[in-house]
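>>> build the 3D model from these lines:
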Amino acid sequence: MKVEHTPCYILHRRDYRESSLILEILSREHGRVSLIAKGAKRNKKQQGISYNLYQEYLMSWVSKSELGTLIDVELATIMTSMSPKQMMTGFYMNEIILRLLHKHESHPELFDSYNTTVRELSNNNTDQVLIRYFEKILLQSLGYGVIFDHDLNTGNNIVAEVKYYYKLDFGPTSNGHENGAGIPVSGSTLIDLDNETLADTKNKNEAKSLLRSLLKQHLGEKPLESRKLYQEYIKNKQAV
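All right, here's what the predicted structure looks like:
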């Protein structure tokens, strides 16, 4: 298979032998793909390409096995550099994609959400609702059946003033208190999360708690390296 000039982001890179790189990429049309960039560290033809994370590229490759071979790469757009905090947010996004996304499955809506979020981070937007929307799109793209717009028991639309209980393998219901099951969440949070209009601090915090619980059941018990890195970052900042 040959792929030509498709939009991509590099999720992870590692050295391979003396002059090459192994790239884990997210492409818009082909999903997550592993590529070898032969001679990437000394190829004069590709001078100016640094294979940086959070930078959009147009990549071409050929693939006869699980590991494809990069044959051409160029910058799609030039992103501004991120602050350390924003880079750690990007690291978190990359890590959960690598943990959850199967290879060679196209998820253009996920790529578009990732692209939008990276651009906002590069433009110094630090609002964490960006990550909430990305987490939501990721869960929906992977087919995990997350529902925010109706009560799973009654079928009725979510009502802002009602308190719901979100059952992780089921969805939101207003009668979850009967057996104590589910994560308590307000109807207004569910509506704002569904419409991507989170603004109230309480709703932002509820959305964060809900999405983290939804992600955790798929990520498993292994701690995220990005969260450990962020905790170290906060600890070092407080020590200065």
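>>> give me the residues contacting the lowest-mean-pLDDT helix or strand in the chain.
Scoring the helices and strands of the chain by mean pLDDT, DSSP states H and E places helix 225-239 at the bottom, with a mean of 79. By C-beta atoms under 8 Å, 6 or more residues apart in numbering, the list of residues contacting helix 225-239 from outside reads P84, K85, M88, F91, Y92, N94, E95. All C-beta atoms are positioned from the backbone trio N, CA, C, and that covers glycine.
>>> same check, this time on stretch 185-201
Applying C-beta under 8 Å, 6+ apart, the external contacts of stretch 185-201 come out as 129, 132-133, 136, 148-149, 158-166, 172, 202-204, 206-207, 209-211.
>>> do stretch 79-92 as well
Stretch 79-92 has contacts (C-beta under 8 Å, 6+ apart) with 53-56, 118-119, 121-124, 126, 131, 224-227, 229-230, 233.
>>> please pick the buried ones from these.
53-56, 118-119, 121-122, 131, 224, 226, 229-230 (16 or more other C-beta atoms under 10 Å).
>>> phi and psi next, for K85.
phi -60, psi -40 (degrees, to the nearest 10).
>>> cool, and E74?
The phi/psi pair for E74 (degrees, to the nearest 10) reads phi -150, psi 160.
>>> list the contacts of it.
Contact analysis of E74 by C-beta under 8 Å, 6+ apart lists H5, I49, Y57, L58.
>>> beta partners of it?
Using DSSP bridges, the bridge partners assigned to E74 are L58.
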